[in-house]
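Novice: From the sequence below, what's the structure:
(2 chains)
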Amino acid sequence: MAENVRDEMAEKAQFYPGETKIAENRRKYMDPTQELKRLREIPDEDIVRLLGHREPGEEYPSVHPPLEEMEEPECPIRELVEPTEGAKAGDRIRYIQFTDSVYFAPIHPYIRARMYMWRYRGVDTGTLSGRQIIEVRERDLEKISKELLETEIFDPARTGVRGATVHGHSLRLDENGLMFDALRRYRLNEETGEVEYVKDQVGVELDEPIPVGKPADEDELKERTTIYRIDGVPYREDEELIQVVQRIHELRTLAGYRPDEAEGK
Amino acid sequence: MPERERPRLLERRVPKGAKPEIQIFPERLLSAKTVERLLNAIVERVDGIGRIVLHGPGLPKVVPFGPARGEPVKHPERRPIRIQDEEVPMKVQTGQIIIEVEDEERLDEITAQIEEICREILPCDFQVQTGRFTRHRPTVTDYLKFGEKGVKELDDRLLGLVEPRARLSDRVSILKARRNEEEEDEK
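Specialist: Okay, the predicted model is just below:
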């Protein structure tokens, strides 16, 4: 359904301006037709444990009966929009929240928001200073979380799954290269070289650690990141992006203060 | 990072009547183990130090909020470290170390000594800067906290060491004098 609408759109989405690798990454993550590279396997059960909303194997609690059993009022929008699996079943709304380090995390909050809106249906996302939350029906959430955790937009060291006490995105990294976490939800297993979650996203201890893979090295992260940085690719090096930003700024200012001059620009 | 690529640090002048301080600013947040080694080396090998302030993000004992509020955190970096024979509780992950220099005339020499120790011990790049980083005069906060009489009697070295709401005894460790010197540590 959503795809059909997109095909019929008069304009072709360009996603993001820019000529640099960073801009390219931003476009790639936002574009729903591009598949994200899968870097690791995390069993479904582990994802449920990490989220901490229900026990693995437990049935999904619901907040209303399945839509099929409900008598819905006649409404053209309801006919037009197909409900997601979670909405059909009447699941609760649950969340996953990420903190992305300023030190070349593969993705960062604003781009996450735009990516979520392009790629997923039935989501409510919020961008905050150092974290990005996504709220969605429970079974949809688990599917989305799997993609968010297993693909290239997640790095075990520079991305954190943090439901509460998120502080750390703008701090220097720990000695071992992990992003600071006051609740220490994850640790570096020095034998395997992998990062393991020992607590769920809100800080409740897990029975068994959940390995999420090895951290990527600095050069690889610089290739994957969406962050412009003076010690990576500086923002000012992207001429096309600056042109677009300046054009938007100019048009907004003119339209606000001298609308007649903005016409035809 | 080579010298030219480093971001320029804000200049920190030493106000009149204040003692200079040396700041160690590592590129990574330091583990308790590294801090233990570093402080022991500094305390043992460098003369003329008044106090040492450790600064960094706090490590809570229990989860402060959220659904897991009240659960123990058990952060491995929140543990006592031994400096000389004194046990010092670590409640922060160290990101900045500020050392007050008693002997102003030897400032350059002490800075060089500290830089050498850092090069030897720190696993990452670092910057050493001199100036004044903590306050040296009592403010309204101190008068509220200690009272007028208390401020007069307060040792200068305790000024500006802890945040207004924290208890001094919770945050300050006093190390035994070595060759008639007294050193303090703040978490």
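Novice: Helix, strand, or coil at A:Asn248?
Specialist: Just to correct that, residue A:248 is Ile rather than Asn. Secondary structure, DSSP: H, G, I helix; E, B strand; the rest coil: A:Ile248 is helix.
Novice: could you measure it against chain B, distance?
Specialist: 29 Å (C-beta to the nearest C-beta, to the nearest Å). Every residue, glycine included, has its C-beta placed from N, CA and C.
Novice: how far away is that residue from A:Tyr228?
Specialist: 17 Å (C-beta to C-beta, to the nearest Å).
Novice: Could you do B:Ile99 as well?
Specialist: From B:Ile99 to A:Tyr228 the distance is 36 Å (C-beta to C-beta).
Novice: ok, those two, which is more surrounded?
Specialist: B:Ile99 (25 against 19; other C-beta atoms under 10 Å in any protein chain shown).
Novice: quick one, strands of chain B?
Specialist: Under the criterion DSSP state E, chain B contains strands at B:21-26, B:49-55, B:80-83, B:86-89, B:96-101, B:126-131, B:172-175, B:183-186.
Novice: Any idea which of those has the lowest pLDDT on average?
Specialist: Mean pLDDT per stretch puts strand B:183-186 lowest among the strands of chain B, at a mean of 47.
Novice: Among the strands of chain B, which comes closest to chain A?
Specialist: strand B:21-26 (7.6 Å; C-beta to the nearest C-beta).
Novice: got the angle for the closest one vs strand B:126-131?
Specialist: If you take axes from the mean of the first three to the mean of the last three C-alpha atoms, to 10 degrees, strand B:21-26 sits at 160 degrees to strand B:126-131.
Novice: what helices or strands is strand B:21-26 leaning on?
Specialist: Secondary-structure packing of strand B:21-26 (3 or more C-beta pairs under 8 Å, 6 or more residues apart in numbering or on different chains; DSSP states H and E): strand B:96-101, helix B:107-121, strand B:126-131.
Novice: Would you tell me which one of those is buried the most?
Specialist: Greatest average neighbour count among the helices and strands packed on strand B:21-26 goes to strand B:96-101 (a mean of 23), per mean count of other C-beta atoms under 10 Å in any protein chain shown.
Novice: Neighbouring strands - and their directions - for that one?
Specialist: strand B:21-26 (antiparallel), strand B:49-55 (antiparallel) (DSSP bridges).
Novice: Quick one, grab the pLDDT at residue 156.
Specialist: Chain wasn't specified; assuming chain A. 96.
Novice: my bad, the chain I had in mind was chain B
Specialist: At B:Asp156, pLDDT is 77.
Novice: Quick check on the closest residue to it other than its chain neighbours: phi, psi?
Specialist: The shortest distance from B:Asp156 to any non-neighbouring residue, by C-beta to C-beta, 6 or more residues apart in numbering or on different chains, is to B:His136 (7.4 Å). The phi/psi pair for B:His136 (degrees, to the nearest 10) reads phi -120, psi -10.
Novice: got a list of what B:His136 touches?
Specialist: Contacts of B:His136 were listed using C-beta atoms under 8 Å, 6 or more residues apart in numbering or on different chains, and they are B:Pro15, B:Gly17, B:Ala18, B:Lys19, B:Asp156, B:Leu159, B:Gly160.
Novice: ok, back up a step: now the strands of chain B as JSON lines including distance to A:Lys37?
Specialist: What follows is these, written out as JSON lines (distance: least, C-beta to C-beta, whole Å):
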{"stretch": "strand B:21-26", "distance to A:Lys37": "34"}
{"stretch": "strand B:49-55", "distance to A:Lys37": "40"}
{"stretch": "strand B:80-83", "distance to A:Lys37": "43"}
{"stretch": "strand B:86-89", "distance to A:Lys37": "45"}
{"stretch": "strand B:96-101", "distance to A:Lys37": "38"}
{"stretch": "strand B:126-131", "distance to A:Lys37": "36"}
{"stretch": "strand B:172-175", "distance to A:Lys37": "50"}
{"stretch": "strand B:183-186", "distance to A:Lys37": "47"}
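Novice: Kindly reformat the helices and strands packed on strand B:21-26 as TSV containing distance to A:Ala113.
Specialist: Written out in TSV, the entries for the helices and strands packed on strand B:21-26 read as follows (distance: least, C-beta to C-beta, whole Å):
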stretch	distance to A:Ala113
strand B:96-101	33
helix B:107-121	41
strand B:126-131	35
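Novice: Tell me the most packed of the contacts of B:His136, by neighbour count.
Specialist: Result: B:Gly160 is most packed of these (other C-beta under 10 Å), 22 neighbours.
Novice: is it true that it touches B:Thr134?
Specialist: Yes - with contact defined as C-beta atoms under 8 Å, B:Gly160 counts as touching B:Thr134 (4.0 Å).
Novice: Would you confirm that A:Glu198 contacts A:Asp207?
Specialist: Just so we're on the same page, residue A:198 is Val rather than Glu. No - with contact defined as C-beta under 8 Å, A:Val198 does not count as touching A:Asp207 (10.0 Å).
Novice: Show me which of the two is the more surrounded one.
Specialist: A:Val198 (16 against 6).
Novice: next one: phi and psi at that one?
Specialist: phi -110, psi -10.
Novice: ok now do it, which residues does it touch?
Specialist: A:Arg184, A:Arg185, A:Tyr186, A:Arg187, A:Glu205, A:Leu206, A:Pro209.
Novice: nearest residue to the residue most central in space within chain B other than its sequence neighbours?
Specialist: Most central residue of chain B, judged by C-alpha distance to the mean C-alpha position with C-alpha atoms, centre = their mean, is B:Val53 at 1.5 Å. The shortest distance from B:Val53 to any non-neighbouring residue, by C-beta to C-beta, 6+ apart, is to B:Ile98 (4.2 Å).
Novice: which residues does that neighbour bridge with?
Specialist: Residues in beta-bridge contact with B:Ile98 (DSSP bridges): B:Gln23, B:Val53.
Novice: Quick check: it vs B:Pro20, distance?
Specialist: 11 Å.
Novice: And A:Arg38, by the same measure?
Specialist: 55 Å.
Novice: List the contacts of stretch A:52-69.
Specialist: A:45, A:48-49, A:70, A:83, A:86-94, A:138-139, A:141, A:163, A:200-202, A:204, B:67.
Novice: Could you list the buried residues of that stretch?
Specialist: A:Gly52, A:His53, A:Arg54, A:Tyr60 (16 or more other C-beta atoms under 10 Å in any protein chain shown).
Novice: For chain A, give me its nearest residue in chain B.
Specialist: Of all residues in chain B, B:Gly66 sits closest to chain A, at 2.7 Å by C-beta to the nearest C-beta.
Novice: per-residue confidence for that residue?
Specialist: 89.
Novice: That one: neighbour count?
Specialist: Count around B:Gly66 with other C-beta under 10 Å applied: 18.
Novice: Out of the contacts of A:Val198, which end up buried?
Specialist: Using 16+ other C-beta under 10 Å, the buried members of the contacts of A:Val198 are A:Arg184, A:Arg185, A:Tyr186, A:Arg187, A:Leu206, A:Pro209.
Novice: These also near chain B: which ones?
Specialist: Subset of those in contact with chain B: A:Arg184, A:Arg187, counting by C-beta under 8 Å from any C-beta of the partner chain.
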